[in-house]
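sequence and computational prediction follow.
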Amino acid sequence: MQNVLELFTGGDPEVWQITLLSLRVSGLATLISLLIGLPLGTALALGRFPGRSFLLSLINTGMALPPVVVGLVVALLLWRSGPLGGLNLMYTPAAIVIAQTIIAAPVVTGLSAAALQALDPRLRLQLLGLGASRVQMVLALWLEARLALLAALMAGFGSVISEVGASLMVGGNIRGQTRVLTTAIVLETGKGEFARAIALGVLLLALSYLVNLTLTWIQQRGARR
Amino acid sequence: MSHLLEIRDLLVRREGRTVLEIEHLAVAPGEVLAVIGPNGAGKSTLLLTLARLIEPARGEIRFEGRPLAEQDELAYRRAIALALQEPLLLDRPVFSNVAIGLRFRHLPKDEVVRRTETWLNRLGIGHLRDRPAARLSGGEARRVSLARALAIQPRLLLLDEPFAALDPPTRAGLLDDLQALLAETGQTTIFVTHDLDEALRLGDRVAVLLAGRLRQCGRPEEVFGGPADADVAAFVGMETILSGRVLACAEGRVIVDVAGRHLEAAGELAPGQAVLFCLRPEDVTLWPRDGVPASSARNRLVGRIVSLAPHGALVRVALDCGFPLLALITRASARELDLAPGMEVSASFKATAVHLIPHSLFLSSRGMMNGEEGALSWTTK
């Protein structure tokens, strides 16, 4: 228990480094997922094109992608002899970002599509009938679905901040370089350092809570408008 | 007269089915055209097509003299405004909802504020400016939706059932306000409704759309007083519609046999022609049984009162004259005549109040009426 307290009060530099890296890697992966998922989800929700249903079912399946499988595939791609081996990304934070983006993007895409599909379809006609360009219409719909879109973002972040399989496989849990909160917990537990593992677990929960608290606050401020 | 909008040979298909077919329809600048028809007649489809949100399978729409196909889609959509039947407000304050069309058009900020506030006040909702749209009543939401479209000051305004699903007092208030605003601004408007009262109140002209086809278009008194065919008559509420046959015709006077009675109507029809004999209940005058004084009314009948029913400020009297006949009279008249079911009264109506429709059309529309073969019927509103 003393160890737990020390971790929080003592300001162990390694713990802070791990925490910051977790936040940076998962935050970046979530952001990239948003940049991919929001336009793609919008196209899936509003568009009518061949293969749309198939793509939608694929995305929905992707929402439940096992992180270890993603880790395996990314590892195969980034391995020195793999197709992207020349990039030398294996066992770097960038590799974790790639893997986490693959995990979070379907979540953000699928939930964004669902959020926009939940809007009254006549709203699109009404916006166009008021003189909106296609872009203005989409922006107005995003604003209208902002609560559900923020929920999609939170779910995306939640899916990557908590995953361990992919980070471990493509990051390698290298101290000071690719060690994130989840992989550190696995390591400490393996070493029998339960107090340290618990402390890191609490930190992970606190971090996750803090990020979601912020997003929820933004969301609910929007709801009161 | 140059038209603001002109439709020629328009055909709209949806899922392989023809839902709208209009040979010709034109709207003059400043005019209010009421498009009436029952649910499913294609009224909303017409508006969506005019807003370029549905692509017609065929035909030409000209706006300000130029075919729509040659005009930039967005520029055209920004020249007009459409308000759908549901208010479809966005989850934001009222002001932001009303301003949205102006913002889409990138108007300067002070112009947006000025026009939005003007139209909020004109529709009597200035006090709701900052209220979230989700906390509005149905009538308030409808006013916001109208303000949103009117604030754009479009060259053509398209309104889909602007008064649907409102309670009567709310509807009456909004109808008064919209009538005044349209008259005051000279806003060219096409609005669709299934309510004849709204069409009469707001429309400079009325177009009747039945089963996707434009059946008649003209001034309200032309359409309501002289329906083009039996279907239009049934829809616009010529409530006494009787089946008969022309016996003789001379000097613009037609004698029609209706259930053995000889009735007179104005018109020119060949003897032997089967006709529908249409009469508005408000054109029927009632008298005491034996007290019909000399008058210009060519038709006088004795009938027994079947029922009396209040109809707003009026009383609707159903008579049996050998055929059913409806009369609409004031409560005061009903009191003075001391009317009661079973009592016999005289009924009279002018030959010019009768609208005759050749019978072949009747056959095509028998399903719309609740009478029996060859007999007489009342349509119910």
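Good, I have the coordinates.

could you tell me the end-to-end distance of stretch B:158-165?
From its first residue to its last, stretch B:158-165 covers 18 Å (C-alpha to C-alpha, to the nearest Å).

how about it: buried residues?
Using 16 or more other C-beta atoms under 10 Å in any protein chain shown as the burial criterion, the residues of stretch B:158-165 that qualify are B:L158, B:L159, B:D160, B:E161, B:P162, B:F163. For the C-beta atoms, the positions are set from N, CA and C on the backbone; glycine is no exception.

now secondary structure, pLDDT and distance to B:L10 too, for those residues, in TSV please.
Listed next are those as TSV, based on DSSP: H, G, I helix; E, B strand; the rest coil; pLDDT from 0 to 100; distance: C-beta to C-beta, whole Å:
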residue	secondary structure	pLDDT	distance to B:L10
B:L158	strand	97	15
B:L159	strand	96	19
B:D160	strand	95	18
B:E161	coil	92	21
B:P162	coil	90	23
B:F163	coil	90	26
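
where does chain A have low pLDDT?
Low-confidence segments of chain A, defined by pLDDT under 70, are located at A:1-11, A:222-225.

per-residue pLDDT, B:T379?
B:T379 is assigned a predicted lDDT (pLDDT) of 35.

next one: B:E221
pLDDT, the model's per-residue confidence, is 67 for B:E221.

likewise the one 3 residues further on?
Per-residue pLDDT puts B:F224 at 73.

name the element it belongs to?
Using DSSP states H and E, the element containing B:F224 is helix B:220-225.

which parts of the stretch 1-150 of chain B sit against chain A?
By the criterion of C-beta under 8 Å from any C-beta of the partner chain, the positions of the stretch 1-150 of chain B lying close to chain A are B:48, B:51, B:53, B:74, B:77-78, B:81-84, B:86, B:88, B:90-93, B:100-101, B:104-105, B:132, B:148-149.

B:Q216 against B:V223, yeah?
Yes - the pair formed by B:Q216 and B:V223 meets the contact definition of C-beta atoms under 8 Å, at 5.5 Å.

name the residues of the longest helix belonging to chain A that are buried.
Longest among the helix segments of chain A by residue count, using DSSP state H, is helix A:13-46. Of the residues in helix A:13-46, those buried under the neighbour-count criterion (16+ other C-beta under 10 Å) are A:15, A:18-19, A:21-23, A:25-34, A:36-38, A:40-46.

just the residues you listed that are near chain B?
When C-beta under 8 Å from any C-beta is taken as the criterion, no member of these contacts chain B.

low-confidence ranges in the stretch 151-300 of chain B?
Counting by pLDDT under 70, the stretch 151-300 of chain B shows low-confidence ranges at B:221, B:225-226, B:238-239, B:292.

with adjacent residues omitted, what lies nearest to whatever residue of chain A ends up closest to chain B?
At 3.0 Å from chain B, A:G129 is the closest residue in chain A, using C-beta to the nearest C-beta. Once flanking residues are discounted, A:G129 sits nearest to B:L82: 3.0 Å by C-beta to C-beta, 6 or more residues apart in numbering or on different chains.

is it fair to say the one you found lies in a strand?
Yes - assessed by DSSP: H, G, I helix; E, B strand; the rest coil, B:L82 belongs to a strand.

burial of it, as a residue count?
28 (other C-beta atoms under 10 Å in any protein chain shown).

can you give me the helices in chain A?
Assigned helices in chain A, in chain order: A:2-9, A:13-46, A:52-62, A:67-78, A:93-117, A:122-129, A:134-144, A:146-161, A:165-171, A:181-190, A:194-223 (criterion: DSSP H).

which strand or helix spans the spatially closest residue to B:S295 that is not a sequence neighbour?
Once its chain neighbours are removed from consideration, B:S295 has its nearest residue in B:S348; the separation is 6.8 Å (C-beta to C-beta, 6+ apart). B:S348 belongs to strand B:344-349 when assigned by DSSP H and E.

each with direction, which strands does that strand pair with?
strand B:285-288 (antiparallel), strand B:299-311 (antiparallel) (DSSP bridges).

residues of that strand that come out buried?
Residues of strand B:344-349 classed as buried under the neighbour-count rule (16+ other C-beta under 10 Å) are B:V345, B:S346, B:A347, B:S348, B:F349.

also stretch B:117-133?
B:E117, B:T118, B:W119, B:L120, B:R122, B:L123, B:I125, B:L128, B:P132, B:A133.

what of stretch B:324-334?
Residues of stretch B:324-334 classed as buried: B:P324, B:L325, B:L326, B:A327, B:L328, B:I329, B:A334 (neighbour count, 16+ other C-beta under 10 Å).

can you pull the contacts of B:A79?
B:F63, B:P154, B:R155, B:L156 (C-beta atoms under 8 Å, 6 or more residues apart in numbering or on different chains).

A:V15 and A:L200 touch, don't they?
Yes - look at A:V15 against A:L200 with C-beta under 8 Å: they come within range, at 7.2 Å.

secondary structure class for B:G59?
Per three-state DSSP, the secondary structure class of B:G59 is strand.

so how far is chain A from B:P227?
In this view, B:P227 and chain A are 32 Å apart by C-beta to the nearest C-beta, to the nearest Å.

which residue packs closest to that residue, ignoring adjacent ones?
Distances taken as C-beta to C-beta, 6+ apart put B:A233 closest to B:P227, at 3.7 Å, once the chain neighbours are dropped.

on contacts alone, who are the packing partners of the strand or helix carrying the one you found?
Assessed by DSSP H and E, B:A233 sits inside helix B:230-236. Packing partners of helix B:230-236 (3 or more C-beta pairs under 8 Å, 6 or more residues apart in numbering or on different chains; DSSP states H and E): strand B:205-210, strand B:213-218, helix B:220-225, strand B:240-250, strand B:274-279, strand B:355-358, helix B:359-364.
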